[in-house]
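S.K.: Show me how the following folds:
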Amino acid sequence: MLYRVEGIVIRSMDYGEGNKIVTLLTNTNGKVGVLIRGAKKVKSKHGSLSQPFTYGEFVYFRTSGLGTLNHGEIIESHHLLREQLDKTAYAAYIVELTDRALQDDEVGNYHFEQLKACLSAFEEGKDLQIVAHLYEMRMLDSAGYAPELDQCVHCGNVVGPFRLSPYAGGVLCSRCTGKDPFAMLLSEGAYKLLRLFRRMDMRRLGQIQVRPETKEELKVCMRKLMDTHMSLQLKSRNFLDQLDKLSPPE
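M.R.: Presented below is the predicted three-dimensional model:
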């Protein structure tokens, strides 16, 4: 059967001497593996469609298992995401997270639109870390692990200050902090941003200015949430951590 989809390349690997297999996150068919014949050849007309982060239209034939590309057109190459190291690192993390966190039958148009918006935000120069945290929250939400941030998860109290308890699945008020001695005290700025992340669609993100100390707090919070509920070993995240160590302080 012949399929025509919009898709984003979330993984690309060599296959044989001149071919590549790409994994696409599509707008209608979930995650799909497609063989692009001759993609590694210099004069290949479809080689650019196999590049990571590429957003395009893909026409492929598939009966079962792997599809085979018949035709394709690039809609947005996202070449800046492959040319600037920091953007490459964040984009690689986001697509690996997407590939690992979403099962084929879980993916719908919403996930496709969120990823498309995330990569566009990276390319537009929005704060890479903040964009990534917002996308992480979308992944937690999709998996059913988005934290409860409007009230204490133990007693329902809506009055702060709150501590974040990834293990409890949200925030604990001052009366319930004994339920998790490792719960993290949240500054007002970090708490407000986490609540914003909890509700915001990636497509609505504007420019957000966040103080360095608040960004560091957010990173710790999101890392704890991701590790507690998703528990994914991602090579791209390790590279991000190494990049952070080499970056000069703001």
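
S.K.: domains in the chain, as residue ranges please.
M.R.: With domains defined by automatic domain parsing, the chain comprises 2-76, 82-149+158-246.

S.K.: Reformat the ones you listed as CSV; add mean pLDDT and mean neighbour count.
M.R.: Any C-beta I mention is one placed from the backbone N, CA and C, and that applies to glycine too. Formatted as CSV, the domains of the chain follow (pLDDT from 0 to 100; neighbours: other Cβ atoms under 10 Å):
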stretch, mean pLDDT, mean neighbour count
domain 2-76, 94, 18
domain 82-149+158-246, 94, 17
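
S.K.: ok, the residue nearest the centre of the chain - contacts?
M.R.: Centroid-nearest residue in the chain: Ile94, 3.4 Å away (criterion: Cα atoms, centre = their mean). If you count contacts by Cβ atoms under 8 Å, 6 or more residues apart in numbering, Ile94 has them with 115, 118-119, 122, 132, 135.

S.K.: Can I get the longest strand seen in the chain in PDB, CA atoms only?
M.R.: Longest strand of the chain, by residue count under DSSP state E: strand 2-15. Extracted C-alpha coordinates of strand 2-15, given in PDB (Å, rounded to 0.1, in the frame of the first residue of the first chain):
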ATOM      1  CA  LEU A   2       1.200   3.500  -0.800                       C
ATOM      2  CA  TYR A   3       1.200   6.100   2.000                       C
ATOM      3  CA  ARG A   4       1.700   9.900   1.800                       C
ATOM      4  CA  VAL A   5       2.500  11.500   5.200                       C
ATOM      5  CA  GLU A   6       4.200  14.400   6.700                       C
ATOM      6  CA  GLY A   7       7.000  13.200   8.900                       C
ATOM      7  CA  ILE A   8      10.000  14.300  11.000                       C
ATOM      8  CA  VAL A   9      13.200  12.200  11.000                       C
ATOM      9  CA  ILE A  10      13.800  11.100  14.600                       C
ATOM     10  CA  ARG A  11      16.400   8.500  13.800                       C
ATOM     11  CA  SER A  12      18.700   7.700  10.800                       C
ATOM     12  CA  MET A  13      21.000   4.700  10.400                       C
ATOM     13  CA  ASP A  14      23.100   3.300   7.600                       C
ATOM     14  CA  TYR A  15      21.900   0.200   5.800                       C
END
